[in-house]
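Trainee: pasting the sequence and the predicted model now:
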2 protein chains.
Amino acid sequence: MGDRFEADYLLESPISIEAAAEAIAGEQSSGTFLPVPGETPELKARSAARVEAIRECDPAAAPALPGAATPSTPGTFRRAVVTISWPLANIGPSLPNLLATVAGNLFELKQVSGLRLLDIRLPRAFADAYAGPRFGIEGTRRLAGVNGRPLIGTIIKPSIGLTPEATAEAVDTLAGAGIDFIKDDELQSDGPGCPFEARARAVMDVIERHAQRSGMKVMFAFNLTGDLDEMRRRHDLVRDLGGTCVMASLNSVGLVGMIEFARHSELPVHAHRNGWGYLSRHPLLGWSYTAWQKIWRLVGCDHMHVNGLANKFSEDDDSVIAAARACLTPMFDDKPCVIMPVFSSGQTARQAPETFARLGSADLIHAAGGGIMAHPAGPAGGVTSMREAWEAAMAGTPLAAYAETRPALRQALETFR
Amino acid sequence: MGDRFEADYLLESPISIEAAAEAIAGEQSSGTFLPVPGETPELKARSAARVEAIRECDPAAAPALPGAATPSTPGTFRRAVVTISWPLANIGPSLPNLLATVAGNLFELKQVSGLRLLDIRLPRAFADAYAGPRFGIEGTRRLAGVNGRPLIGTIIKPSIGLTPEATAEAVDTLAGAGIDFIKDDELQSDGPGCPFEARARAVMDVIERHAQRSGMKVMFAFNLTGDLDEMRRRHDLVRDLGGTCVMASLNSVGLVGMIEFARHSELPVHAHRNGWGYLSRHPLLGWSYTAWQKIWRLVGCDHMHVNGLANKFSEDDDSVIAAARACLTPMFDDKPCVIMPVFSSGQTARQAPETFARLGSADLIHAAGGGIMAHPAGPAGGVTSMREAWEAAMAGTPLAAYAETRPALRQALETFR
């Protein structure tokens, strides 16, 4: 695989899978729909994509997506997992050109009535060309001062509308409650109602004050999503104020902006995936998280959102666990690029045992909004309940039993059902 | 609308449309799923999104997408076009933060079983914050030396695998044939088999030679898609060599990279939309082209791909024409940001009359691959046939009648059916 890169697709087609796979391979490499003079056997040998494997699945009776060709067998839309490979020499180790190749002009083909990119495998040259996460799990733990358990986190709410001073007040409460990690909501960046600089100064003032008291510096992910010069300026401000994390919305910034920003960043990059739904919610279109997260890890993201178990969105738990596992799976032997998955959305102490059991790791950020703020004993009770739930989970003790002597956890279990 | 921005969605919901629209508005502004202390009436008045309009359509019997809540009326998934507005003060005139707001964490909501962003309307402040197209229609025509008709263009084929010298040979043939515009394929950027610099030098050498002969400089869109520093360096090379256009893949580069690159560019930016299928092919998910193209025009793209009539992909002709019309529709009274739509994919002389009749404009690039290269009289015949087809179209003369005295057009009509 050293000189080729590969992609796996879930493919549905009105024609034969072989013909559809060849159409994709041709369209995305040296094929032309009418023969042209330069298309020599030597050129094809040098540049053509290759269908490497086809694993056929049960067909469908109706097309998943509109616009496909008339089926060659009426009422039959064949499905398969297909692997295609390309010569690295077509693009060199360039992530933007990788996207144009493995996820370019192919989802529109009439030969497909469904197409989803399931996974990608990249040769080692990509690991040399891109930095990967600068902090990852170890760097994040070092900066947050948290070992042997997840970082317990929360999100500033309301998402938008708080002034810098009101944001700092919320941080004061949360830092007093013993939280490890706080993030801006992705809607809050630098609007005139809550300018980034004023917010960063107010928040870091509070965080530094608590750090002097407790010896623990809360990790705050400041959402610096914006144009590139704004992002760099905001990053520098956070760094100079002693902050330990910055956050960006991947689908807002895009690949080249994130590459450039990650090269600049001296702080862990907390990657928000908002917009992920339009890339993934249809099961026969778009991107799987497994493929998608590899791009961003290579770019240099240190934390990536994976939703949470029993979340308030449409994603099921199997998909959430698969996404988190992907973040913890090494990409290259000597450059694993493993990062912290961020569990978030409708989280409380209740999800800790299953999250630990299914993931098999405590290397994660567990972020709860209401599960901390709406705890009957206040945010301190919420944070304590989350920590206790993880102690129980990692010790293999049922939550109810562990809660008998722990009021914060008991109240959480009574309140959040 | 001066202090608010708006988005229209096609929404399908298992619950009432009103409740689903309010869920989106809440999730994407100051709403919280559990009440929190800071959520005051003043904050809501300042920051909340507002449901402005609901136009209900016929419901569906089954959900368009998986993962939605159980329908409140069994077998009924309500559909509507919904308009939501937000205060500009939430984000300021920032395109990346606009995306996180109008296209963020909402496609995953359980309250929606289908959601597509149909259109956006932005206050004037965005026109001040972003440059818009620097060349647009007039600037492109001036550089190409083409007035009163479309630019006739083609794509270098095979897409990938030609050496710089072989690419220049193809350009030599095409320039000799009188072509106005040529583009790299989006698969071809800077792989080791065809390095960008060597290709640009070889191609511009040929183009300058023909320009000295004919007085017309062929516009060549060099695909410089890559990391930001690579894109800027490649742009500078093209500019210094006398080139008149550069091309980038929007979904590969992403928003912030394109903003930064467009600010740097002194040449028309030819925007390729490969990957558009994963954003748009499901009719109840993702983005409409009408909404999407507004972002890129504001960023500074001068040409945008819109597919073509009777194309080889899954998109129907109505959708293609709507996309091209959108590119020609002014965005702001004093800053229209109109750009050249690029018609491409399976194009020949045959599509000229309907393209002109339905678009009502000749301000476009009409790119044909096989329709030029596979013409029986060679590329010169292909280019001539495309020009003649546009003369006929703009004069309101049927192609067959116009072809009677014009062999190139006649051969095209006989060959491409």
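Mentor: Here it is on my side, so go on. These numbers were taken from a predicted model, which means no experiment stands behind them. Residues are numbered from 1 along each chain as shown, chains lettered A, B, ... in the order given.

Trainee: the bottom helix or strand of chain A by mean pLDDT?
Mentor: Within chain A, no helix or strand scores below helix A:41-47, which has a mean of 90 by mean pLDDT, DSSP states H and E.

Trainee: in that one, what's buried?
Mentor: Residues of helix A:41-47 classed as buried: A:43, A:46-47 (neighbour count, 16 or more other C-beta atoms under 10 Å in any protein chain shown). The C-beta positions use only the backbone N, C-alpha and C, and glycine is treated the same way.

Trainee: of these, list those near chain B.
Mentor: A:43, A:46-47 (C-beta under 8 Å from any C-beta of the partner chain).

Trainee: ok, the residue in the stretch 151-300 of chain A positioned nearest to chain B - contacts?
Mentor: Closest residue of the stretch 151-300 of chain A to chain B, C-beta to the nearest C-beta: A:Gly254 (1.3 Å). Counting by C-beta atoms under 8 Å, 6 or more residues apart in numbering or on different chains, A:Gly254 touches B:253-258.

Trainee: for it, give me the pLDDT.
Mentor: As predicted, A:Gly254 sits at a pLDDT of 98.

Trainee: buried sites along stretch A:143-151?
Mentor: So stretch A:143-151, judged by 16+ other C-beta under 10 Å, has buried residues A:143-146, A:149-151.

Trainee: ok, back up a step: for the residue of the stretch 151-300 of chain A closest to chain B, what are phi and psi?
Mentor: Main-chain dihedrals, A:Gly254, degrees, to the nearest 10: phi 90, psi 170.

Trainee: ok, for A:Phe261, nearest residue in space, not its chain neighbours?
Mentor: In space, A:Phe261 comes closest to A:Met231 once its chain neighbours are excluded; the distance is 5.2 Å by C-beta to C-beta, 6 or more residues apart in numbering or on different chains.

Trainee: in the stretch 251-400 of chain A, mark out all the strands, start to finish.
Mentor: In the stretch 251-400 of chain A, the strands defined using DSSP state E, counting those that start in this stretch lie at A:269-272, A:285-287, A:303-305, A:340-343, A:365-367.

Trainee: in stretch A:389-400, which residues are buried?
Mentor: By 16+ other C-beta under 10 Å, the buried positions in stretch A:389-400 come out as A:389-390, A:392-393, A:399.

Trainee: hmm, I typed the wrong one, I wanted stretch A:298-315.
Mentor: So stretch A:298-315, judged by 16+ other C-beta under 10 Å, has buried residues A:298-309, A:311-315.

Trainee: now it: mean pLDDT?
Mentor: 97.

Trainee: and for stretch A:93-112?
Mentor: Rounded mean pLDDT across stretch A:93-112 is 97.

Trainee: could you point out the longest helix of chain A?
Mentor: As assigned by DSSP state H, the longest helix anywhere in chain A is helix A:196-214.

Trainee: isn't A:Arg46 right up against B:Gly193?
Mentor: Yes - using C-beta atoms under 8 Å as the test, A:Arg46 is close enough to B:Gly193 to be in contact (6.5 Å).

Trainee: overlap in contacts of those two?
Mentor: A:89, B:161.

Trainee: ok, now which ones touch the closest residue to A:Met204 other than its chain neighbours?
Mentor: The shortest distance from A:Met204 to any non-neighbouring residue, by C-beta to C-beta, 6+ apart, is to A:Leu241 (4.0 Å). By C-beta under 8 Å, 6+ apart, the contact list for A:Leu241 reads A:200-201, A:204.

Trainee: show me which of those are buried.
Mentor: A:200, A:204.

Trainee: possible to save the contacts of A:Leu241 as JSON lines with pLDDT?
Mentor: Formatted as JSON lines, these follow (pLDDT from 0 to 100):
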{"residue": "A:Ala200", "pLDDT": "98"}
{"residue": "A:Arg201", "pLDDT": "98"}
{"residue": "A:Met204", "pLDDT": "98"}
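
Trainee: look up how far A:Ile339 lies from the residue nearest the centre of chain A.
Mentor: Nearest residue to the geometric centre of chain A (C-alpha atoms, centre = their mean): A:Met304, 3.7 Å. According to C-beta to C-beta, to the nearest Å, A:Met304 and A:Ile339 sit 6 Å apart.

Trainee: mind putting the ones next to chain B among the buried residues of helix A:41-47 in JSON lines, distance to A:Gly382 included?
Mentor: Shown next, in JSON lines, are those (distance: C-beta to C-beta, whole Å):
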{"residue": "A:Leu43", "distance to A:Gly382": "63"}
{"residue": "A:Arg46", "distance to A:Gly382": "60"}
{"residue": "A:Ser47", "distance to A:Gly382": "57"}
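
Trainee: report pLDDT for the residue nearest to A:Met204.
Mentor: At A:Leu241, the model reports a pLDDT of 98.

Trainee: from B:Leu187, how far out is the nearest residue to the residue of the stretch 151-300 of chain A closest to chain B once chain neighbours are set aside?
Mentor: The shortest distance from A:Gly254 to any non-neighbouring residue, by C-beta to C-beta, 6+ apart, is to B:Gly254 (1.3 Å). The gap separating B:Gly254 from B:Leu187 is 18 Å, by C-beta to C-beta.

Trainee: re the thing from before, want to throw the strands of the stretch 251-400 of chain A into JSON lines with distance to chain B?
Mentor: As requested, these are exported to JSON lines (distance: least, C-beta to the nearest C-beta, whole Å):
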{"stretch": "strand A:269-272", "distance to chain B": "8"}
{"stretch": "strand A:285-287", "distance to chain B": "4"}
{"stretch": "strand A:303-305", "distance to chain B": "10"}
{"stretch": "strand A:340-343", "distance to chain B": "13"}
{"stretch": "strand A:365-367", "distance to chain B": "14"}
